[in-house]
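>>> generate coordinates for the sequence data below:
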Amino acid sequence: MPLSEEEQRILHEMEEKLYEHDRAFADRVSTKSPRHPHGHAGRGWVVAFIAGFVLLLVAFGSSVLLGSLGFLIMLIATLAFVHQVRQSDSPGFGALSGASRRAGVGEEWSEMRRRLRSRFGNRS
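Below is the predicted model:
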């Protein structure tokens, strides 16, 4: 269902306010830029993981060697996928893991609370 003119106006105002208050965040979550530029290459690793899982399920009862090969395929696909995601320049897992290394979770929450208080003030 399309938005009415009033709803479109309100949405546009909200977007403008977001750009005014937090330009970096607005640029990161903008729908105009691609979210996962390396997404297509990662699908191959997901398919490899699923193939390894199927091989594990089908073959483990009859051949431990084939079942182990399926597990090995799953392991390699998982490690390769995680490595690829960490190396990508897109925001996501790599950005989150970097943030957790720079500061502890408690420091992140404190910073977020401080920013929210400064932005919205005490409205009691």
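>>> could you pull out the strands for this structure?
With DSSP state E applied, the chain shows no strands anywhere along its length.
>>> how's it carved up into domains?
For the chain, the structural domains run 1-33, 64-124, going by automatic domain parsing.
>>> Serialize those domains to TSV and add fields for mean neighbour count and distance to residue 52.
All C-beta spots, glycine's among them, are computed from the backbone N, C-alpha and C. TSV is the format used below for these (neighbours: other C-beta atoms under 10 Å; distance: least, C-beta to C-beta, whole Å):
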stretch	mean neighbour count	distance to residue 52
domain 1-33	10	33
domain 64-124	12	3
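>>> want to throw those domains into JSON lines with mean pLDDT and distance to residue 55?
Putting these into JSON lines (pLDDT from 0 to 100; distance: least, C-beta to C-beta, whole Å) gives the following:
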{"stretch": "domain 1-33", "mean pLDDT": "76", "distance to residue 55": "38"}
{"stretch": "domain 64-124", "mean pLDDT": "76", "distance to residue 55": "3"}
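>>> so which of these comes closest to residue 50?
Taking C-beta to C-beta as the measure, the domains of the chain were each checked against residue 50, and domain 64-124 came out nearest at 8.6 Å.
>>> what packs against the helix ranked longest in the chain?
Looking only at the chain and at elements set by DSSP state H, the helix with the highest residue count is helix 64-87. Contact partners of helix 64-87 among helices and strands, from 3 or more C-beta pairs under 8 Å, 6 or more residues apart in numbering; DSSP states H and E: helix 39-59, helix 93-102.
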